[in-house]
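S.K.: below is the sequence, then the predicted model.
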Amino acid sequence: MSIRYPTAAFVLAIVVAPAVHAQHHAAHAATTAPSQPAPKATTARATLAPPPDAAPSAQDTTDHPIAEHHMEGHDMRGHRMDGDEVKSGHPPDHDMSRHDMSAMDHAAMAHGADQASGHAGHGMPAGQGADAHAAHAGMQHDATHPGMHPGDLPAGAAPRTAIPALTDADRAAAFPALAGSHATHDAMAHRYVLIDRLEARGAGEGAWDATAWYGGDLHRLWLRSEGIVADGRIDHGSIEALYGRSITPWWDVVAGVRADDGDGPGRAFAAFGVQGLAPYKIEVQATAYVGRGRAAARLEAEYETLVTNRLILQWRSEANLYGGRDDAARHLGTGLSTVDAGARLRYEVTRRFAPYIGVEVERAFGDTAAFRRADGLDVQETRVVAGVRLWF
């Protein structure tokens, strides 16, 4: 009886021990590699096995979660580790039972080499991880940033093709030499004719006021004329021919001659004066005249108010003075002779043509007023006028 019980225990140990060992090994495999897929058939792996000198695949270089696991104490005979035949280069039918792997240390294996280099799963050999990481760090990452197109250079990068330096030949091609001198617009001659007033002012009476010039920006020939027509003939009128020289962007000096015609003998004067645009856009003409034993002066001012872009109200005044001695033949006395003031509202059908209506008041002073009283004329007159303004 004492012999039978040890024998039964020995037999039980022989039967149970392999099963316990297999269960323990299965639990250990599930703990150390929970994310590993189920092993495939050996025959399927044999067809995918690379040559011995091939680089490991991404699956083979995946780092084990427990890197310090020791295989000591495990008898690896009869066991095959999934993927070992691929990493070691042994054929799938190679029997690992002849190798004593009891002293194998997983910590010494290069499973985590790729993970340490920051490229786990890239399938690079362990010895090349550090070099590949250094090369990857030197790449121009900003070339692929969002918003950039393929082929664009990053900011601050040198151009692919260097821009050549500007040469004298390039300048000569861009600015060829012109015959004579460079073309300038101020040397060109222009012309302008303005009939500011062409109007009817009562029964059988009318008036005109016109200006024209020809020349450039600095030098011009000016023609000025104004007068009154009564009963089909010129009551009094004048025409002036002047040379004008620009002295500022807004003012010209003029000098020339003036001729008077109409009722009475004609008169001639030398003329000189200024004309231009005063502040607040007031157009001014101031001219003095010197004749044989006589002198005269005329001062004109105009201002325009834009009611609309086409409806314009023009304010106008004019004063005439005479000096020396009275001109009884023309009914003009010395001193302040006459003052005209009026307003005309015009509508510009086009910029060149504008009909208008208005009112004007004229007043005589001094000896000129005395001559009018003697002739039975009014000293002051108020007229309604209508006419056209045009230029070309």
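M.R.: Good, I have the coordinates. Numbering: from 1, shown residues only.
S.K.: quick one: the strands in the stretch 101-250 of the chain?
M.R.: Assigned strands in the stretch 101-250 of the chain, in chain order: 190-200, 205-215, 219-230, 233-246 (criterion: DSSP state E, counting those that start in this stretch).
S.K.: CSV for those, including distance to Ala343, mean pLDDT and mean neighbour count?
M.R.: Yep, even glycine has a C-beta here, placed from its N, CA and C like the rest. Putting the strands of the stretch 101-250 of the chain into CSV (distance: least, Cβ to Cβ, whole Å; pLDDT from 0 to 100; neighbours: other Cβ atoms under 10 Å) gives the following:
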stretch, distance to Ala343, mean pLDDT, mean neighbour count
strand 190-200, 12, 97, 16
strand 205-215, 15, 96, 18
strand 219-230, 18, 96, 18
strand 233-246, 23, 95, 16
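S.K.: which of those strands sits closest to Phe365?
M.R.: Distance to Phe365, taken as Cβ to Cβ, is lowest for strand 233-246 among those, at 16.7 Å.
S.K.: quick check: Arg372 touching Gln380?
M.R.: No: in this structure, Arg372 is not within contact of Gln380 by Cβ atoms under 8 Å, at 9.6 Å.
S.K.: how near is Asp327 to Gly256?
M.R.: Counting by Cβ to Cβ, to the nearest Å, the gap from Asp327 to Gly256 is 21 Å.
S.K.: the more surrounded of these two?
M.R.: A direct count of neighbours by other Cβ atoms under 10 Å for Asp327 and Gly256 places Asp327 higher, at 23 against 19.
S.K.: you'd agree the more buried one is up against Ala296?
M.R.: No: applying Cβ under 8 Å, one finds Asp327 not in contact with Ala296, separated by 9.5 Å.
S.K.: who touches Trp208 in this structure?
M.R.: Counting by Cβ atoms under 8 Å, 6 or more residues apart in numbering, Trp208 makes contact with 195, 197-199, 225-227, 229.
S.K.: count of neighbours near His331?
M.R.: Using other Cβ under 10 Å, His331 is surrounded by 20 other residues.
S.K.: ok, now which ones touch it?
M.R.: His331 sits next to 263-264, 368, 371-372, 375 when contact means Cβ under 8 Å, 6+ apart.
S.K.: please repeat the previous calculation with a cut-off of 6 Å.
M.R.: By Cβ atoms under 6 Å, 6 or more residues apart in numbering, the contact set of His331 is Phe371.
S.K.: show the pLDDT at it.
M.R.: For His331, the pLDDT comes out at 90.
S.K.: can you tell me the SS state at Ala370?
M.R.: What DSSP: H, G, I helix; E, B strand; the rest coil gives for Ala370 is helix.
S.K.: ok, the spatially closest residue to it that is not a sequence neighbour to Asp252 distance?
M.R.: Excluding its sequence neighbours, the residue lying closest to Ala370 (Cβ to Cβ, 6 or more residues apart in numbering) is Gly333, at 6.5 Å. Going from Gly333 to Asp252 by Cβ to Cβ gives 31 Å.
S.K.: how close does the residue nearest to Ala370 get to Ala173?
M.R.: 73 Å.
S.K.: likewise Arg352?
M.R.: 44 Å.
S.K.: over to Gln275?
M.R.: Distance of Gln275 to Ala173, given as Cβ to Cβ: 47 Å.
S.K.: shaky segments in this protein?
M.R.: Applying pLDDT under 70 to the chain flags the ranges 1-148, 178-186.
S.K.: count of neighbours near Ala174?
M.R.: Neighbours around Ala174, by other Cβ under 10 Å: 8.
S.K.: which residues sit in contact with the residue nearest to Arg373 when sequence neighbours are not counted?
M.R.: Nearest residue to Arg373 in three dimensions, chain neighbours excluded: Val379, at 6.6 Å (Cβ to Cβ, 6+ apart). By Cβ under 6 Å, 6+ apart, the contact set of Val379 is 364, 369, 372.
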